[in-house]
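K.L.:
Sequence first, predicted coordinates after that:
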Amino acid sequence: MKILKSLMVTAAVTAALMANAAHAENKKIALVVKALGIGFFEAANKGAQEAAKELGDVEIIYTGPTSTTAEGQIEVINSLIAQKVDAIAVSANDTDALVPALKKAMDRGIKVISWDSGVAKEGRMMHLNPSSSPLIGNMIIKLAADNLPEGGDVAVLSASATATNQNTWIAEMKKVQGNYKGINVVATVYGDDLADKSYRETQGLIQSHPNLKAIIAPTSVGIVAAAQAVTDAGKIGQINVTGLGLPSEMAGHVKSGASKSFAIWNPIDLGYSATMIAYELINGAEAKPGAELKMGRMGAVKLDENNEGAMADPFVYDASNVEEFAKIF
Amino acid sequence: MAKLLKNREILLVVAIAVLLAIIALRFPAFVAPSNLARVYNDTSILVILALGQMAVILTRCIDLSMAANLALCGMVAAMLNNFFPGLPIPLIIFAAMALGGFLGAINGTLVWKLNIPPIVVTLGTLTIYRGLIFVLTNGKWINAHEMSDPFKALPRLVVAGMPVLSWLSFLMIALMFLVIGRTPLGRAFYAVGGNPHAAVYTGIDVGRTRFFAYCLSGTLAGLSGYLWVSRYAVAYVDIAAGFELDIIAACVIGGISIAGGIGSVAGAVLGALFLGVIKNALPVIDISPFAQLAISGTVIIIAVAVNARAERRKGRVILKKAEAV
């Protein structure tokens, strides 16, 4: 395994060096992912390549370990330092374990950012979150409201009553509820991220709220179970199931009409934005609290006091694009 | 004896009726016949599993691996359907049951031949079976659109007013009734659990009987695996996580003694129904999710306490009757 890995790294280094000889002036940006062969990250690479094409003088080195381990990533990072890349954009397998290796990279003048899955503050110059709680909170109610021009009753199906992320998103959702006229959030129920309990809770919602028009489930187990329960109750068309889910898990329910649309981050945009930010940093932009970094077609990201920023609204998937993304993740 | 056993089941029927009455006060539509049929259908899988668990508990053992067995067989059924969409559904069900039976046989063999305490054996296999799902799938899900339509449609198919899922549970109840009441194996379950030493003297192989009880519970878990993934149209590592506790709770509520040897098919079914009614009622009677957990637990303890009292009384009465004879 070890030999195989070093062989692969050597091959990558050789390839990179040869490519380097051809385009000596190109900026080398390394996209380090949790592991190779994962659809989500392959899609991020697609976005990074798109950014490189747009920028012209950028070469993307897409790399990562063969399994999702921090040690594997450290090895990859060390080899990237040896290759003298200009920037490293990493989705980390461990918040703290990568810090020493990444610090070493920064000492050598390499710009380091993390994206998707972050690194501790001292190990990177900035972190790019796919989205933020206020954006997610707004998006989930917007998804319901967009299909309800005349308003109506909606209910929330969450994971467990103690899930921090779910509660934050729901609280953010309730803050902006006033912006969506006629949308009444009539209940919040908890499916505990169990398929059977989520299914039963959805049946309960259908029974106790006869005028229910939409169910918002910001959890991947919940949204699938709710869509199935709505299908089985013969309520397709009357009750729209929406929220946060993965295209591969939701494709069938979008096709059946149980869910008109749902949202989650778009990995292509994420890879694109990470590359754009790395390029900005190479060109002298500074990552400090309050700074705004440009991300090409994705606009700009504003950094908070921890040098973290949110890329964009979650990306909306519907019948027009879910099939295509279902192949990716 | 038969009359007294009936008494305990009648007690449970009364308890379920009282429960339904209380729920109806808050949400009258719950007791509509169509909704009760829906509640039964939702509870069908628990009923089937409780029947299997009952056989094991009767022999003074326990099967903690049932939910993990269900999840593994369900995943295998879903994968078979995914890779070979043309495979007839009965064949998939048969494969799931055979695999479940095999997994149960592993439990049974460990208990029988190596004499390891059942709780330790099944606690171990619980983790192994769940782990195997991860090994098989790498954590990936099998989703609704990756299952064929007939695969998902079978449990939902309505025959004579009830879905096939409900009919299957009726069939299993009938079969269990025959096995428990009319076969030497069924009587051996009681003998082994009631007094293992006496059972040996009557020529019953205690280990072998337990082995068959585990095979039975495994097979039923395998069947439930298919039913579960087709009903919820999704299969992943964590399906039915923690469900083994519901199964055991259903048995205990149904008056099946953890000490073995006491219990009936009707008890297991009623115990599962009691839990099913609570699970389905809590979402519609509009109380806080934190209170829901506490209510579930309290109701179970009350049910078991009432049952324990009934059991004690029965003990005395039996003695009296014995004197009379």
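P.N.:
Cool, got the structure. Residues are numbered from 1 along each chain as shown, chains lettered A, B, ... in the order given.

K.L.:
Give me the pLDDT for residue A:129.
P.N.:
Note on residue A:129: pLDDT of 89.

K.L.:
so it sits right up against residue A:310, yeah?
P.N.:
Yes - if you go by CB atoms under 8 Å, residue A:129 and residue A:310 touch, sitting 4.8 Å apart. All C-beta atoms are positioned from the backbone trio N, CA, C, and that covers glycine.

K.L.:
so who does the closest residue to chain A within the stretch 151-300 of chain B touch?
P.N.:
Going by CB to the nearest CB, chain A is nearest to residue B:283 of the stretch 151-300 of chain B, at 2.6 Å. Contact analysis of residue B:283 by CB atoms under 8 Å, 6 or more residues apart in numbering or on different chains lists A:189, A:200-201, A:203-205, A:208.

K.L.:
Please name the nearest non-neighbouring residue to the closest residue to chain B within the stretch 101-250 of chain A.
P.N.:
Going by CB to the nearest CB, chain B is nearest to residue A:204 of the stretch 101-250 of chain A, at 2.6 Å. Distances taken as CB to CB, 6 or more residues apart in numbering or on different chains put residue B:283 closest to residue A:204, at 2.6 Å, once the chain neighbours are dropped.

K.L.:
what's the answer for residue A:102, then?
P.N.:
Once flanking residues are discounted, residue A:102 sits nearest to residue A:123: 4.3 Å by CB to CB, 6+ apart.

K.L.:
Neighbours of that neighbour, how many?
P.N.:
Counted with other CB atoms under 10 Å in any protein chain shown, residues neighbouring residue A:123 total 23.

K.L.:
Thought residue A:103 was touching it, still the case?
P.N.:
Yes - Residue A:123 lies in contact with residue A:103 (CB under 8 Å); the separation is 6.2 Å.

K.L.:
returning to what we had before: taking the contacts of residue B:283, tell me the two that lie furthest apart.
P.N.:
Across those, the longest distance by CB to CB is 12.4 Å; it joins A:200 and A:208.

K.L.:
got the contact list for the spatially most central residue of chain A?
P.N.:
Geometric centre of chain A, nearest residue: residue A:265, 3.9 Å, by CA atoms, centre = their mean. Counting by CB under 8 Å, 6+ apart, residue A:265 touches A:130-131, A:311, A:314-315.

K.L.:
mean confidence for stretch B:270-277?
P.N.:
What stretch B:270-277 shows for mean pLDDT is 93.

K.L.:
Ok, stretch B:9-17 next?
P.N.:
For stretch B:9-17, the mean confidence score works out to 87.

K.L.:
same deal with stretch B:121-130?
P.N.:
So the average pLDDT for stretch B:121-130 ends up being 95.

K.L.:
Other residues contacting it?
P.N.:
Contacts to stretch B:121-130, defined as CB under 8 Å, 6+ apart, come from residues B:62-65, B:67-69, B:71-72, B:103, B:106-107, B:110-111, B:237, B:244.

K.L.:
quick one on the thing from earlier: how much space between the residue nearest to residue A:102 and residue A:273?
P.N.:
20 Å (CB to CB, to the nearest Å).

K.L.:
what does residue A:98 give?
P.N.:
Remark: distance between residue A:98 and residue A:273 (CB to CB) = 20 Å.

K.L.:
With neighbour numbers in mind, choose between these two.
P.N.:
Comparing residue A:98 with residue A:273 by other CB under 10 Å, the one with more neighbours is residue A:273, at 31 against 26.

K.L.:
how far out from the middle of the chain is the one helix or strand that one maps to?
P.N.:
Secondary structure from DSSP states H and E places residue A:273 in helix A:267-282. Remark: helix A:267-282 is offset 13 Å from the chain centroid, using CA atoms, centre = their mean, to the nearest Å.

K.L.:
From the contact counts, what lies against that helix?
P.N.:
strand A:27-32, helix A:39-55, strand A:58-63, strand A:87-90, strand A:111-115, strand A:126-129, strand A:292-294 (3 or more CB pairs under 8 Å, 6 or more residues apart in numbering or on different chains; DSSP states H and E).

K.L.:
now that helix and helix A:39-55, what's the angle there?
P.N.:
Interaxial angle of helix A:267-282 relative to helix A:39-55 (axes from the mean of the first three to the mean of the last three CA atoms, to 10 degrees): 50 degrees.

K.L.:
Could you tell me the angle between helix A:267-282 and strand A:27-32?
P.N.:
Going by the same axes, to 10 degrees, helix A:267-282 makes 140 degrees with strand A:27-32.

K.L.:
could you give the angle of helix A:267-282 to strand A:58-63?
P.N.:
Angle, helix A:267-282 to strand A:58-63, by the same axes, to 10 degrees: 120 degrees.

K.L.:
Give the rounded mean pLDDT of helix A:267-282.
P.N.:
Helix A:267-282 shows a mean pLDDT of 93.

K.L.:
now do stretch A:49-60
P.N.:
92.

K.L.:
Grab the CA positions of stretch B:134-152 and hand them over as CSV.
P.N.:
Taking C-alpha atoms only, stretch B:134-152 is exported to CSV below (Å, rounded to 0.1, in the frame of the first residue of the first chain):
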residue,chain,number,x,y,z
PHE,B,134,-20.8,-1.3,5.4
VAL,B,135,-18.3,-3.7,3.8
LEU,B,136,-20.8,-4.7,1.1
THR,B,137,-21.8,-1.1,0.2
ASN,B,138,-19.0,1.1,1.4
GLY,B,139,-21.7,3.2,3.1
LYS,B,140,-23.6,3.8,-0.2
TRP,B,141,-27.4,4.0,-0.2
ILE,B,142,-29.7,2.1,-2.5
ASN,B,143,-32.4,4.6,-3.4
ALA,B,144,-36.0,4.5,-4.6
HIS,B,145,-35.1,4.9,-8.3
GLU,B,146,-32.6,2.1,-8.1
MET,B,147,-35.2,-0.4,-7.0
SER,B,148,-37.6,-1.9,-9.6
ASP,B,149,-41.3,-1.0,-9.4
PRO,B,150,-42.5,-4.6,-8.6
PHE,B,151,-40.0,-4.8,-5.8
LYS,B,152,-41.5,-1.7,-4.2
